[in-house]
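1. Let's see this in three dimensions:
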Amino acid sequence: MNQLGLGVAITGSGSATPAASLDNHRLSQIVETSDEWISARTGIRSRHLADAEQSLSDLATVASQQAIAMAGISPAEIDLIILATSSADDLFGTAGKIQAQLGALQAVAFDMTAACSGFIFGLVTASQFIRTGVYKNVLLIGADILSRWVDWSDRRTCILFGDGAGAVILQADERDRLLGFELRSDGTQNSSLQLAYEPQPQALLEGTTIAKGTYQPITMNGQDIYRFAVRKVPEVIEKALHRANLGVEQIDWLLLHQANQRILDAVAERLKIPPQKIISNLEKYGNTSAASIPLALDEAVREGKVKAGDIIASAGFGAGLSWGATIFEWGR
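-> Numbering: from 1, shown residues only. From the prediction side, this is the model:
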């Protein structure tokens, strides 16, 4: 797909999760549910939750430091930082704070929001800066603390989400290892998964009224999202494979957004990818939104499962609705 002659390599990864975890048995003390009910429907058995003192920037900084170390560069060499998140510490953006905490003072830093598709959208965005020759070293972070926005009395949603961060380093290279991608959005289904602002009118003067309010807890139509994911994700992966001139049989690993084990299994089945090629860690972490793909990738790399040269088909999907896929070769 690269028309400009500059390649992209993913050379480092890192991840971080809060120390505190909440398993299904303890969650059943908060809301009417059970380990059997949750695990059978989602594959999730536990999730990590940030406490009141832990910030998104803290988690993202730890994950970034690990990725920078694996890539063998220094923070001063980073040209660009992209933070994919839907739960920034500051509504004006958190990437700049992470830049300061890392000491990456030469880097441009900004947030981007595409919910659970954020890391995939960020990966494609970061690669364009490298392919055009503007930047050589990009830090891409996916991080979310959605426990801030969960209704803990709603068992349809509170069982799903956990907190975490994952990061990768992308570097300019002679050979392009981002082999193909496809991104999609459908705003007509926006109401299926939302973290919506709810305004209340406040009169300032006669004839002048503004809206004051806050964001409301996450709402989701689980059946709609399931049907959307199992239909659209295989399609977008196939399109990305076509752009990469690869067949399904050439994929070493399937790395999906960690939303629900049933979705992971259904997508793999539709693509005829054997179960042993699925990377999954949502049993331990739940749905960490934009963090889920880089968090699972980092674990697989550090466990020695994913090796240099492995071809990974990765897809994110979620609110927006948005979805996308990338085909990339790990390492340099």
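
2. where do the helices sit along the stretch 51-200 of the chain?
-> 56-71, 95-102, 118-131, 155-158 (DSSP state H, counting those that start in this stretch).

3. Of all these, which one comes closest to residue 112?
-> Nearest to residue 112 among the helices of the stretch 51-200 of the chain is helix 118-131 (6.0 Å), distances taken as C-beta to C-beta. Using the backbone N, CA and C atoms, a C-beta is placed for each residue, glycine as well.

4. Just the C-alphas of that closest one, formatted as CSV.
-> Extracted in CSV, the C-alpha atoms of helix 118-131 (Å, rounded to 0.1, in the frame of the first residue of the first chain):
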residue,chain,number,x,y,z
GLY,A,118,-8.7,4.1,18.6
PHE,A,119,-5.5,2.2,18.5
ILE,A,120,-6.1,0.9,15.0
PHE,A,121,-7.1,4.4,13.8
GLY,A,122,-4.0,5.7,15.6
LEU,A,123,-1.7,3.1,14.0
VAL,A,124,-2.8,4.2,10.5
THR,A,125,-2.6,7.9,11.4
ALA,A,126,0.9,7.5,12.8
SER,A,127,2.1,5.6,9.8
GLN,A,128,1.1,8.5,7.4
PHE,A,129,3.4,10.9,9.2
ILE,A,130,6.3,8.4,8.8
ARG,A,131,5.5,7.5,5.2
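
5. Quick check: mean pLDDT of it?
-> Average pLDDT, helix 118-131: 98.

6. for stretch 283-303, same thing?
-> pLDDT averaged over stretch 283-303 gives 98.

7. ok so, going back, can you tell which of the helices of the stretch 51-200 of the chain is closest to residue 89?
-> Evaluated over the helices of the stretch 51-200 of the chain, closeness to residue 89 peaks at helix 56-71, with 4.9 Å, by C-beta to C-beta.

8. I'd like to know which elements that closest one is packed against.
-> Contacts defined by 3 or more C-beta pairs under 8 Å, 6 or more residues apart in numbering; DSSP states H and E place helix 56-71 against strand 7-16, helix 95-102, strand 137-145, strand 163-173, helix 292-302.

9. Just want the angle from the third one to strand 163-173.
-> Between the axes of strand 137-145 and strand 163-173, defined by axes from the mean of the first three to the mean of the last three C-alpha atoms, to 10 degrees, the angle is 170 degrees.

10. In its sheet, which strands sit next to strand 137-145, and in what direction?
-> strand 80-84 (parallel), strand 163-173 (antiparallel) (DSSP bridges).

11. Poorly predicted segments of the stretch 1-150 of the chain, please.
-> Scanning the stretch 1-150 of the chain for pLDDT under 70 picks out 1-5.

12. Could you verify my assumption that residue 46 touches residue 159?
-> No: using C-beta atoms under 8 Å as the test, residue 46 is too far from residue 159 to be in contact (10.8 Å).

13. Looking at the helices and strands packed on helix 56-71, which is nearest to residue 181?
-> Shortest distance between residue 181 and the helices and strands packed on helix 56-71, using C-beta to C-beta, is found for strand 7-16: 10.8 Å.

14. next structured bit after the closest one?
-> strand 21-23 (DSSP states H and E).

15. returning to that earlier point: quick one, which of the helices of the stretch 51-200 of the chain gets closest to residue 261.
-> If you check each of the helices of the stretch 51-200 of the chain against residue 261 by C-beta to C-beta, helix 155-158 wins as the nearest, at 16.8 Å.

16. now what about the closest one, what contacts it?
-> Here helix 155-158 makes contact (C-beta atoms under 8 Å, 6 or more residues apart in numbering) with 27, 30-33, 150-152, 217-220, 222.

17. same thing but 6 Å
-> Residues outside helix 155-158 that contact it (C-beta atoms under 6 Å, 6 or more residues apart in numbering): 31, 33, 150, 152, 218, 220.

18. List buried residues within the residues you listed.
-> Buried by 16 or more other C-beta atoms under 10 Å: 33, 150, 218, 220, out of the contacts of helix 155-158.

19. quick one: which of the helices of the stretch 51-200 of the chain is nearest residue 268?
-> Shortest separation from residue 268 across these is recorded for helix 118-131, at 17.4 Å, computed as C-beta to C-beta.

20. Can you give me the buried ones in that closest one?
-> 118-127, 129-131.

21. in the stretch 201-332 of the chain, which ranges drop under the pLDDT threshold?
-> In the stretch 201-332 of the chain (pLDDT under 70), no residue qualifies.

22. which residue ranges form the strands in it?
-> 208-215, 219-220, 253-256, 311-318, 322-329 (DSSP state E, counting those that start in this stretch).

23. Just send those back as TSV, with distance to residue 97 too.
-> As requested, the strands of the stretch 201-332 of the chain are exported to TSV (distance: least, C-beta to C-beta, whole Å):
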stretch	distance to residue 97
strand 208-215	20
strand 219-220	29
strand 253-256	28
strand 311-318	24
strand 322-329	25
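
24. List the contacts of the closest residue to residue 125 other than its chain neighbours.
-> Leaving aside its sequence neighbours, residue 125 sits nearest to residue 82 (C-beta to C-beta, 6 or more residues apart in numbering; 6.3 Å). Residue 82 makes contact with 122, 126, 140 under the criterion C-beta under 6 Å, 6+ apart.

25. do that again at 10 Å, thanks
-> By C-beta atoms under 10 Å, 6 or more residues apart in numbering, the residues touching residue 82 are 95, 107-112, 118-119, 121-123, 125-126, 129, 138-142, 170.
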